[in-house]
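Enquirer: fold the following.
(one chain, ligands or ions: 1)
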Amino acid sequence: MPTLLHIDSSPLYGLSVSRQLTGAFVTQWKSAHPNGKVLERDLTATAIPPITAEWVGAVYTPEEARTPQQKELLSLSDSFLAELEQADEYVFGVPMHNFGIPSALKLWIDQIARVGKTFTYADGTPKGLIIGKKATFIVATGGIYDAHTQMASFNFVEPYLRTLFGFLGLTDVTFLTAGGTMSLNHGHDRDAFLAPHLHAVQAHVQTM
Ligand SMILES: Cc1cc2nc3c(=O)[nH]c(=O)nc-3n(C[C@H](O)[C@H](O)[C@H](O)COP(=O)(O)O)c2cc1C
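Expert: Here you go, the predicted structure:
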């Protein structure tokens, strides 16, 4: 059964552009995969603690030697890793915050970037362990950061996510960006703004 992992990270819910677009992606994906399964992970609604020295200690303790407390410390990370493992495809909703990704998504990344689980240096060189999966990142930005413009170098969202997930072995990635959402605060009609982005999402799901 094909499985999609749907991860959102915007705190704006009903006002969120990225959530509306990932929602459209999921609807389209379900109609293309009537027997498919969707795992939902809302990072704004998930309490994810920052990593601590104890957490790092637990990660670097061999699995068979971990104390019950160390196992408990890693349990949230383990459940995120199980979702990544179970799904064949991922769709992420990513609002740009302060030129980068939102902190909820960074906290999640810190939980899933785990030596021996999603990457290894076993033979002396880094090797990603998230193999054979596809990801779509649907990014919403207030400003416009088109390639070859002066603003492009301010966009740390796409370069960071490409680098990080590439390191973890996930290279089949597509970025769909809705740039210029701040125009919605200045009277731009929401449906008119979203129409080309909804079309791009639909066209992308059809090619998958
Ligand atoms: C805390 C915060 C920080 C933001 N920082 C930026 C920024 O650095 N650059 C930008 O273009 N837009 C910025 N924005 C605007 C968001 O990128 C924009 O509202 C986008 O639509 C967010 O996605 P969402 O609608 O899915 O929440 C920021 C918004 C918030 C709430």
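
Enquirer: what number of residues lie near the residue lying closest to residue 96 once chain neighbours are set aside?
Expert: In space, and not counting its chain neighbours, residue 96 is closest to residue 141: 4.1 Å by CB to CB, 6 or more residues apart in numbering. Using the backbone N, CA and C atoms, a C-beta is placed for each residue, glycine as well. Residues near residue 141, counting by other CB atoms under 10 Å, number 24.

Enquirer: I'd say residue 141 and residue 154 touch.
Expert: No - using CB atoms under 8 Å, residue 141 is not in contact with residue 154, being 9.6 Å away.

Enquirer: circling back to that earlier point, and the residue nearest to residue 96, bridged to which residues?
Expert: residue 179 (DSSP bridges).

Enquirer: would you list every one of the helices in this protein?
Expert: All helices of the chain, identified by DSSP state H, fall at 17-32, 53-59, 68-73, 75-86, 103-112, 157-167, 190-207.

Enquirer: ok, and what's touching the third one?
Expert: What it means is helix 68-73. 54-55, 57-58, 61 (CB atoms under 8 Å, 6 or more residues apart in numbering).

Enquirer: ok, back up a step: ok, the residue nearest to residue 96 - contacts?
Expert: Counting by CB under 8 Å, 6+ apart, residue 141 touches 95-96, 155, 157, 177-181.

Enquirer: how many residues are close by the closest residue to residue 106 other than its chain neighbours?
Expert: Ranked by CB to CB, 6+ apart and with sequence neighbours excluded, the top spatial neighbour of residue 106 is residue 100, at 7.9 Å. The number of residues packed near residue 100 is 17, by other CB under 10 Å.

Enquirer: specify the beta-bridge partners of the residue positioned nearest the centre of the chain.
Expert: Nearest to the mean C-alpha position of the chain, by CA atoms, centre = their mean, lies residue 92 at 3.8 Å. Residues in a beta bridge with residue 92, per DSSP bridges, are residue 7, residue 137.

Enquirer: gap between the residue nearest to residue 96 and residue 17?
Expert: 9 Å (CB to CB, to the nearest Å).

Enquirer: please enumerate the shared neighbours of these two.
Expert: By CB under 8 Å, 6+ apart, residue 141 and residue 17 have these common neighbours: 95, 178, 181.

Enquirer: so which bits of this structure are right by the ligand?
Expert: 10, 12, 16-19, 95-99, 140-143, 181 (CB under 6 Å from any ligand atom).

Enquirer: and the residue of the chain positioned farthest from its centre, how far from the ligand?
Expert: Taking CA atoms, centre = their mean as the measure, the residue most remote from the mean C-alpha position of the chain is residue 65, 31.5 Å away. Applying CB to the nearest ligand atom, to the nearest Å, the value for residue 65 to the ligand is 42 Å.

Enquirer: can you pull the pLDDT of that residue?
Expert: As summarised for this prediction, residue 65 has a pLDDT of 98.
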